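Got a predicted model here, sequence first, then my questions.
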Amino acid sequence: MEGLSSWRNVLSSSRTKQAYAGYVREWESRIGAFLEFDPDRSLPGGQSRGGTRGASSHPLEGIPFAAKDNIAVEGFSLTCASRMLEGLASPYTATAVSRLQATGAVVVGKTNLDEFGMGSSTDTSALGRTSNPWDRSRVPGGSSGGSAAAVAAGLVPFALGSDTGGSIRQPAAFCGVYGLKPTYGVVSRYGLVAYASSLEGIGVVAESTCIARLVFETMRGLDPLDHSSVEHQPSGESPSPLRVGVLGGLSELSDGVEGVYREAIKTLRELGMTVSEIELKTLDYVVPAYYTIATAEASANLARFNGIRYGHRPVHAENPEQLVQSARDEGFGEEVKLRILLGTYVLRSGFQDQYYVRAQRVRTAIRNELAAAFAGVDVLLMPVFPTAAFKRGEEGLTPFQQKLADKFTATANLAGVPGLAFPAGAVDGLPIGLQFLAPAFEEERLFRAAERFAEAVPIQHPAGYSAEWRR
Amino acid sequence: MTRGGGVGNLPEVDTKELYTTASLAQLELTEQEAERLAAAVGQMLEYFSKMREIDVEGLEPTTHALLKTNRVREDVVVESALADALLENAPEREDRFIVIPNVL
C-alpha cells in the first residue's frame, strides 16, 4: 500500500533499525511523544496469540506502530501517565492491538497522554512533557497528544489513541494529521483503561486516510471480551455526490479556524459536493452534559485504584482506609481529583436528577437533533477546536476554557457516531484541522470525504519531518 | 446541604461540602488542594446549571450510545492464565496473598 511501503523494512535489519532509532532519538529530544520506545521489544505474545493470516503478506506486516499508554500491550508498561500506575507491567494485550499484531504489525512504543485521558493538552501527564512538532512552545493537544505528535513527526505511520470527548481528533487537528474516532463499540474496549465507559473508544491517528481505513478495518468487530462491542453494520449505501451539512453561526472560532472552515466549504463545493447550512441548537449543551456524564462515570471507574492489588502504595499506612486514601492522594494528579470529585458530587443522593439524569436526557436531545440532521445530509463538516494548538502556560487556555472548547468534538461521543479529523490548512505556521461526522457505522463516508478533500488540500509536514532515512 | 434546584439558584461548593464529597470518593485532600478544588468544582457546577435552560420533557435518558438490548454470553467456563501476571503487580505480597495493614 502506498504510504506504508517505505515503512515495511524499517524493522527488518539492525542497520535499518539503527537508522530508525536515530531518527526517533533526534525528534524525541525535542518533542517527548513517547513514554516508552523500543523497536527491539520482542512480541512473542502478539504473534503467537494472533496467529498469522496465511502465506500472503498483509499490508501491515512489519509496520511499526505506537499505542497510547492507556491501552494494554503485553511486554510494555501501562501507566495512563499517572503516578498511580507508574511501572505497572501490562499483564495482557488489548484486543484492538492484538488484531493488528496478528497481521504482523509491531508495537514499538507507548505514547504520552493527559493523566487517564483527562485533558486537552497532554500537560496533565505526571510522567513526561510532550511538545507540538510544529512549535515546541505549544501543546500537541490531548489527551492522545503523544500519539498525534509521533505521527506528525514521522516516528510511526499510525498510532492508537482513545477518544472520550475529542481526545483523538483534537490532537490530530493540532498536529496536522488524521484522527479517527470510530462508531461507539465498533472497536473493542478490552484493554483500554476505563475512564468514561459509555462515551469512549479506541481509534487511530494516521498520516493518511488510507492507513486510517486499513487500521480501522483490522481492529473492528465484535469481541466476546467487551460486552458493549458491536458488529460493524454499515448501510452499504455510497451516496454521490456527498451532501455536506455545515454550521452557520461560528462566533466562537478564532479568525484562523473560521477562515479555514469557510475556505473548506468552498473547496468541498468545487469538488462537486452539495453543501447546505444546518443548525444544531443543542450544541450549547454538549459540554455541560458531556462533563456531567464523563465525570460521573470516571468517579466509578477510578474507584478501583486503591493501592491494594496493584499501583501506587504509600510508604506507611496505619490501617486499610488510610492506605487507600493516601494511595489515591499521592497517586492522582489534580485534574483527575477534580473530575472524581465532580463525578462523585453529581451522583450524590439528592443531586442525581438535577445533574446526572438531566445530562442523560440532554444527551437524548443531542442524539435526536443529530439524527434529524443526518436525514438531510450524508456528513457534517465541523470545527474540531476553536483555536489552533495553544501555548502552554499563562499565554495558553485555562483548564476551564479548554473544557468549554470540547463542544464540537464531544457531540460525536454523546451520540456514539464516528468522526474523522483531517488537516484542512495552516495559518501562521500552525496546522488547522476540521472534522467530518457521519451516522453510526458510516466511517467509509468519512474516509471518502477526507480523501477527496486531500486532493485539493494535501497534508503538510512540520520542519524536520523526513522520510529519507527509510528509503 | 441547603441548596435548592430552582432556576437562578447557582450551585456553590464550600470546603465542608467538598470534604464530604472527597470522603465519599476516598480522597484525602490537603488544605491548599481543597481550596483550589472547591473553586474549580464550583465553577463547573455553575456551568452545569446551564442544562436547566433546555427542555427535556418527555425524553428518556440515554445511558449507552448504541446498545439497545442486554447481551449475555454462554454460561461456560473459560480458561484465563492471567492470575500470576496480575499478582506480579501487587505492591506487597506473601506467596499468593496480598498484604495490607491490620484491619483490627
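Sure thing, it's come through.

Which one of the residues in the stretch 1-150 of chain A is closest to chain B?
Nearest residue of the stretch 1-150 of chain A to chain B, counting by Cβ to the nearest Cβ: A:P91, 3.5 Å away. Quick note: C-beta positions are derived from backbone N, CA and C, even for glycine.

which residues touch that residue?
A:P91 is in contact with A:A72, A:E74, B:L82, B:A85, B:L86, B:E88, B:N89, counting by Cβ atoms under 8 Å, 6 or more residues apart in numbering or on different chains.

Kindly indicate which of the residues you listed lies nearest A:S254.
For the contacts of A:P91, the closest approach to A:S254 (Cβ to Cβ) belongs to A:A72, at 37.3 Å.

Return the residues in contact with that closest one.
Shown in contact with A:A72 (Cβ under 8 Å, 6+ apart): A:L78, A:S90, A:P91, A:Y92, A:T93, A:A94, A:V97, A:G191, A:L192, A:V193.

tell me which element B:Y47 is part of?
helix B:31-48 (DSSP states H and E).

and the next element down the chain from that helix?
helix B:83-88.

anything in that following helix near chain A?
Yes - using Cβ under 8 Å from any Cβ of the partner chain, helix B:83-88 reaches chain A at B:A85, B:L86, B:E88.

Pick the one among these closest to chain A.
Distances from chain A to these, taken as Cβ to the nearest Cβ, are shortest for B:A85 (3.5 Å).

How about the contacts made by that closest one?
By Cβ under 8 Å, 6+ apart, the neighbours of B:A85 are A:A89, A:P91, A:Y92.

Recalculate using a threshold of 7 Å.
By Cβ atoms under 7 Å, 6 or more residues apart in numbering or on different chains, B:A85 lies in contact with A:P91.

Tell me the pLDDT of it.
Per-residue confidence (pLDDT) for B:A85: 90.

And A:G75, which helix or strand is it part of?
Using DSSP H and E, A:G75 maps to neither a helix nor a strand.

can you check the one 4 residues further on too?
Counting by DSSP H and E, A:T79 is held by no secondary-structure element, helix or strand.

number of nearby residues for the residue nearest to A:G87 when sequence neighbours are not counted?
Among residues not flanking A:G87 along the chain, A:S77 sits closest, at 6.5 Å (Cβ to Cβ, 6 or more residues apart in numbering or on different chains). Neighbours of A:S77 under the rule other Cβ atoms under 10 Å in any protein chain shown: 18.

Okay, and the beta partners of A:Y178?
A:A206 (DSSP bridges).

Any regions of the stretch 351-471 of chain A where pLDDT drops low?
Scanning the stretch 351-471 of chain A for pLDDT under 70 picks out no residues.

Please list all residues in contact with A:E277.
Residues in contact with A:E277, defined by Cβ under 7 Å, 6+ apart, are A:V246, A:G248.

ok, for the closest residue to chain B within the stretch 351-471 of chain A, nearest residue in space, not its chain neighbours?
Using Cβ to the nearest Cβ, A:G416 is the residue of the stretch 351-471 of chain A that sits closest to chain B, at 2.6 Å. Take A:G416 and drop its neighbours on the chain: the residue closest to it by Cβ to Cβ, 6+ apart is B:A65, 2.6 Å away.

measure that neighbour to A:T183 for me?
B:A65 sits 8 Å away from A:T183, going by Cβ to Cβ, to the nearest Å.

any shared contact partners between the two?
Shared contacts of B:A65 and A:T183 (Cβ under 7 Å, 6+ apart): A:G416.

who's more crowded, the two?
A:T183 (26 against 22).

Please give me every residue in contact with the more buried one.
A:T183 makes contact with A:G416, A:V417, A:P418, A:A440, A:F441, A:E443, according to Cβ under 7 Å, 6+ apart.

For the closest residue to A:V230 other than its chain neighbours, which residues are in contact?
Leaving aside its chain neighbours, A:V230 sits nearest to A:G185 (4.1 Å; criterion: Cβ to Cβ, 6+ apart). Contacts of A:G185 were listed using Cβ under 7 Å, 6+ apart, and they are A:S228, A:S229, A:V230, B:L66.

of those residues, closest to A:K110?
Distance to A:K110 across the contacts of A:G185 (Cβ to Cβ) is lowest for A:S229, with 23.0 Å.

neighbours of that closest one, just the number please.
Neighbours of A:S229 (other Cβ under 10 Å): 22.

Over to the one 3 residues further on?
A:H232 has 17 neighbouring residues, counting by other Cβ under 10 Å.

again with A:Q18
Neighbour count of A:Q18, defined by other Cβ under 10 Å: 11.

starting at the chain centroid, how far to the one helix or strand it maps to?
Assigned by DSSP H and E, A:Q18 falls within helix A:14-31. Centroid separation for helix A:14-31 versus its chain: 24 Å, with Cα atoms, centre = their mean, to the nearest Å.

for stretch A:181-199, same thing?
Distance of stretch A:181-199 from its chain centroid, counting by Cα atoms, centre = their mean, is 11 Å.
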